[in-house]
Structure formats: structure tokens, C-alpha cells
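Asks: Got a sequence here, can you build the structure:
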Amino acid sequence: MASQQGTVDFLLDQLAGAGSVSAKKMFGEYGLYCDGKMFAIVADDQLFIKPTDAGRAWISVQGTPQEAPPYPQAKPYFLIDGALWDEREWLGQLARRTADALPQPKPRPPPKPRKSASAA
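Replies: Presented below is the predicted three-dimensional model:
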């Protein structure tokens, strides 16, 4: 089941205080980015945050972190209960702390030049 755009829009609004937050559609689901780092996945209208020590410590303030894979054969992510989505400051801090703990994305290689069809 694909996630709804309304769910993603709500989460982006809630996460606005974390920095430059955006979403990219990926196979019917969404990757969430903070300052260019993918830190979360929205799958089946659920929020999955990449696991980091900083994120685990922050989530522990609210209780025990729940872990689940966002899709089959995926590594476990932190599954954020929908009741916590309304906690704008807490959610923004989780995003910020997680993004800060993640490495910078690898630069993409430049595109290879296309072979032109030349007339002989």
C-alpha cells in the first residue's frame, strides 16, 4: 500500500524546524531528507527513522524505541508512533539529531557523455 501525499505533507510541516527538509517519491513510498541526508522513510503511511545512537537516546526520552523494517528484507528502522507526530519540537529534534549523526552522502559521478549519432 503506497503512502498518501497528505501524510508526507503533514510530516514535512511538522519537521520544518529541523532544517531544510524535503521528500522524494521512491517506488510509491517516500524518502525524507534533512539538509541533503536521507534520514527517514514514509512507507504504508508510517514513519521510519534511520537508527543512530543519537536518535535512540532522544526516542528513549519518550519511551523504548520500537524497531521494524520499512519494507521486506530491509534493516530495522525506528518506527515512530503516530501519536508522536503531533509533538512538533520533539519530532524536529529527532530529525536534526539523526541527520547530524549520519555521514554526508557520497557525491554523484558526473553523467557520461552521450554518444551522438553522426551522419557519415
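Asks: What about residue 55, how many residues nearby?
Replies: 27 (other C-beta atoms under 10 Å). Where you see a C-beta, it was placed from the backbone N, CA and C, and this is true even at glycine.
Asks: So the closest residue to residue 71 other than its chain neighbours versus residue 60, what's the distance?
Replies: Closest residue to residue 71 apart from its sequence neighbours, by C-beta to C-beta, 6 or more residues apart in numbering: residue 43 at 5.8 Å. Computed as C-beta to C-beta, to the nearest Å, the residue 43 to residue 60 distance reads 23 Å.
Asks: Could you do residue 53 as well?
Replies: For residue 53 relative to residue 60 (C-beta to C-beta), the value is 11 Å.
Asks: Now do the contacts for the closest residue to residue 65 other than its chain neighbours.
Replies: Excluding the flanking residues, the one nearest residue 65 by C-beta to C-beta, 6+ apart is residue 59, at 4.3 Å. Taking C-beta atoms under 8 Å, 6 or more residues apart in numbering, we find residue 59 in contact with 65, 78, 80, 94.
Asks: Quick check: which of those residues has the minimum pLDDT.
Replies: By pLDDT, residue 65 ranks lowest within the contacts of residue 59, coming in at 90.
Asks: Report the distance from stretch 14-28 to the chain centre.
Replies: 7 Å (C-alpha atoms, centre = their mean, to the nearest Å).
Asks: buried sites along that stretch?
Replies: For stretch 14-28, a neighbour-count test (16 or more other C-beta atoms under 10 Å) marks 14-15, 18-19, 21, 23 as buried.
Asks: what helix or strand is the residue nearest to the spatial centre of the chain on?
Replies: Most central in the chain under C-alpha atoms, centre = their mean is residue 40, positioned 1.8 Å from the mean C-alpha point. Assigned by DSSP states H and E, residue 40 belongs to strand 37-43.
Asks: could you say what helices and strands that strand packs with?
Replies: helix 5-14, strand 29-34, strand 46-49, helix 88-101 (3 or more C-beta pairs under 8 Å, 6 or more residues apart in numbering; DSSP states H and E).
Asks: if you compare these, which one is most tucked away?
Replies: strand 46-49 (a mean of 23; mean count of other C-beta atoms under 10 Å).
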